[in-house]
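S.K.: Can you look at this prediction? I've put the sequence above it.
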Amino acid sequence: MLPKIIIHNVVSLNGSLTGFDPNIEKYYEIAGSYKHDAVLVGSNTAKAGLKMFYEKIPPENKSDLEKPIVKSDDKTPFWIIPDSRGILQNKLHVIRQSGYCKDIIVLISKKTPTTYIKYLKERNYDYILTGKDHVDYKQALEKIYNGYNVRAIRMDSGGTLNSILLSQGLVDKISILLSPIIVGKSNTNLIKSLNKTSEKSKIDLELIKNKIVDKDHVLLVYKVKK
């Protein structure tokens, strides 16, 4: 079995994730309305977020080496971060301390540097190893479904990870908060590119919700036809 996955992003009128100031408050208000047990965050997205809030990553404390104590009634979601290249080494403690997640589950592959795996083990981060060169998302999601009781996942990521999961048929819904702005050429698209060698080079959608938000934004929610 696999968790249900919803992509949720705020974009410009021409589909860019960057190049404008999004309505973050409304974005997260809508995100909170979607029932989810975990948030899937791309490693590049996580790294970019850390750069926004920290000029310099603070050093680890002794407590950062220990897994946080999670109460049985804690509804805070897990954060699932694919990071087979280990770009978040020496940075994960900031996310763990943030209060936005109960803990982090890192997805890695056989190509992941041994130094990064050692880093994860020494700090008691859960990690799931699947795939040879890249993470095998279907296999990883099956393990998360069975091992962590995760039934629904909200994606908070960029065009690359969105494209990968859509191409592999793992996404169930897409939620778009459309902003009243058009940005120029230097932008990051919601979908980078679909895998043209797969059956998912074109994906049909069914509109299940459309709503005007804050007078000039539009919320569009689509079901992915499978």
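M.R.: Nice, I can see it.

S.K.: which regions of this protein sit below the pLDDT cut-off?
M.R.: 186, 196-200 (pLDDT under 70).

S.K.: Helices of that one, residue ranges please.
M.R.: With DSSP state H as the criterion, the chain has helices at 24-33, 43-53, 92-97, 114-122, 137-148, 159-167.

S.K.: List the residues that contact the residue nearest to the spatial centre of the chain.
M.R.: Taking CA atoms, centre = their mean, the centroid of the chain lies closest to Val41, which sits 2.4 Å from it. Residues in contact with Val41 (CB atoms under 8 Å, 6 or more residues apart in numbering) are Trp79, Ile80, Ile81, Met155, Asp156, Ser157. Any C-beta I mention is one placed from the backbone N, CA and C, and that applies to glycine too.

S.K.: Closest to Lys173 out of those residues?
M.R.: Met155 (10.0 Å; CB to CB).

S.K.: For Ile117, see how far away the closest one is.
M.R.: Noted for Met155: a distance of 25 Å to Ile117, by CB to CB, to the nearest Å.

S.K.: So for Leu17, what's the nearest residue that isn't a sequence neighbour?
M.R.: Take Leu17 and drop its neighbours on the chain: the residue closest to it by CB to CB, 6 or more residues apart in numbering is Thr188, 4.6 Å away.

S.K.: State whether that neighbour and Asn14 are indeed in contact, as I suppose.
M.R.: No - with contact defined as CB atoms under 8 Å, Thr188 does not count as touching Asn14 (11.6 Å).

S.K.: So which of those two has more stuff around it?
M.R.: Thr188 (17 against 13; other CB atoms under 10 Å).

S.K.: mind checking how far the more buried one is from Gly86?
M.R.: As judged by CB to CB, Thr188 and Gly86 stand 23 Å apart.

S.K.: cool, and Glu25?
M.R.: Glu25 is 33 Å from Gly86, by CB to CB.

S.K.: Same drill for those two, tell me which one is more crowded.
M.R.: For Glu25 versus Gly86, neighbours defined as other CB under 10 Å are more numerous around Gly86 (19 against 9).

S.K.: excluding its backbone neighbours, what's nearest the more buried one?
M.R.: Closest to Gly86 by CB to CB, 6+ apart is Tyr116, at 3.2 Å.

S.K.: how about the strands of the protein, start to end?
M.R.: For the chain, the strands defined by DSSP state E cover 4-11, 38-40, 78-82, 104-108, 126-129, 152-155, 173-178, 205-213, 217-224.

S.K.: Distance from the second one to the middle of the chain?
M.R.: Read that as strand 38-40. On the basis of CA atoms, centre = their mean, to the nearest Å, strand 38-40 sits 6 Å off its chain's mean C-alpha point.

S.K.: elements contacting that strand?
M.R.: Contact partners of strand 38-40 among helices and strands, from 3 or more CB pairs under 8 Å, 6 or more residues apart in numbering; DSSP states H and E: strand 78-82, strand 152-155.

S.K.: Domain map for this protein?
M.R.: 1-36+155-226, 38-150 (automatic domain parsing).

S.K.: can you tell me the distance between the two ends of the shortest one?
M.R.: Right, the one you point to is domain 1-36+155-226. By CA to CA, to the nearest Å, the extent of domain 1-36+155-226 from end to end equals 16 Å.

S.K.: Now do the contacts for the residue nearest to Leu17.
M.R.: By CB under 8 Å, 6+ apart, the contact set of Thr188 is Ser16, Leu17, Thr18, Gly19, Gly158, Gly159.
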